[in-house]
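Participant: Next come a sequence and a model predicted from it.
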Amino acid sequence: MKIRKLLALTCVLLGKTDAEDYLEKGQCSNVVAAEEEIKYLLTAYESAMETAAATEPLVAEYSAQNVNEISYNDMPGRVTAVLSVKEGQDKPVEYTLKMGRIELSDHKADVTVSYEYIPEGKTIDDDMDYREHHKHTPRVLSYLVAAEYLALKGSHTLASVWLERYKNGIAACSKSLKGGVIKRRLWW
């Protein structure tokens, strides 16, 4: 799903019809105001991704050939944790985390780094990093974006309402992803 669609869904929740029309159709009655709202919404989206990543980390892999050092700047997104570094498919490589980089052990190697990240530098036409199999469904993420948007605008009471909806949505999605236990039937 594109970020544009998520922001349009957030506009529906917030009642921002001009911004929604501009995101969906590319036109509206007040283009200048709609573009300003979209800038705030995109800022709210980026802030929401930090909160979402704390709840459900995004994991990615990065491959590099013939290196003994990997800079975090080379990896997509803002790296929050390095999970593993492997040579080939299975062979773990010893590494040391330094400020803004990963130093590999004594030799140069072709490696794959598995890491957690927060998405950065997204535009409204980029794809969202959370997919359908995550707890963060588009509707749940739109609650969080709405909360961040309202906080940016100074409406903290309404922001707390949307944040509570987000928390309830995450809790409901967590329960549905775990699967349930069916009680054993009693036969008389």
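Facilitator: Received, thanks. Note that the structure is a prediction, hence the values are computed from the model and not measured.
Participant: now residue 122, what's its secondary structure?
Facilitator: Using DSSP: H, G, I helix; E, B strand; the rest coil, the structure places residue 122 in coil.
Participant: Isn't it up against residue 4?
Facilitator: No: using Cβ atoms under 8 Å, residue 122 is not in contact with residue 4, being 10.6 Å away. Glycine gets a C-beta too; all of them are placed from N, C-alpha and C.
Participant: Isn't residue 103 up against residue 68?
Facilitator: Yes: contact criterion Cβ under 8 Å: residue 103 and residue 68 qualify, at 7.0 Å.
Participant: quick one, which of the two is more surrounded?
Facilitator: residue 68 (15 against 12; other Cβ atoms under 10 Å).
Participant: buried stuff in stretch 38-50?
Facilitator: For stretch 38-50, the buried set under the neighbour-count rule, 16 or more other Cβ atoms under 10 Å, comprises 38, 40, 41, 42, 44, 45, 46, 47, 48, 49.
Participant: pLDDT and secondary structure added to these, as CSV?
Facilitator: What follows is the buried residues of stretch 38-50, written out as CSV (pLDDT from 0 to 100; DSSP: H, G, I helix; E, B strand; the rest coil):
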residue, pLDDT, secondary structure
38, 93, helix
40, 94, helix
41, 95, helix
42, 94, helix
44, 95, helix
45, 93, helix
46, 91, helix
47, 91, helix
48, 92, helix
49, 89, helix
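Participant: any chance of those in a markdown table, with distance to residue 88 too?
Facilitator: Formatted as a markdown table, the buried residues of stretch 38-50 follow (distance: Cβ to Cβ, whole Å):
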| residue | distance to residue 88 |
| --- | --- |
| 38 | 45 |
| 40 | 46 |
| 41 | 43 |
| 42 | 40 |
| 44 | 42 |
| 45 | 37 |
| 46 | 35 |
| 47 | 38 |
| 48 | 37 |
| 49 | 32 |
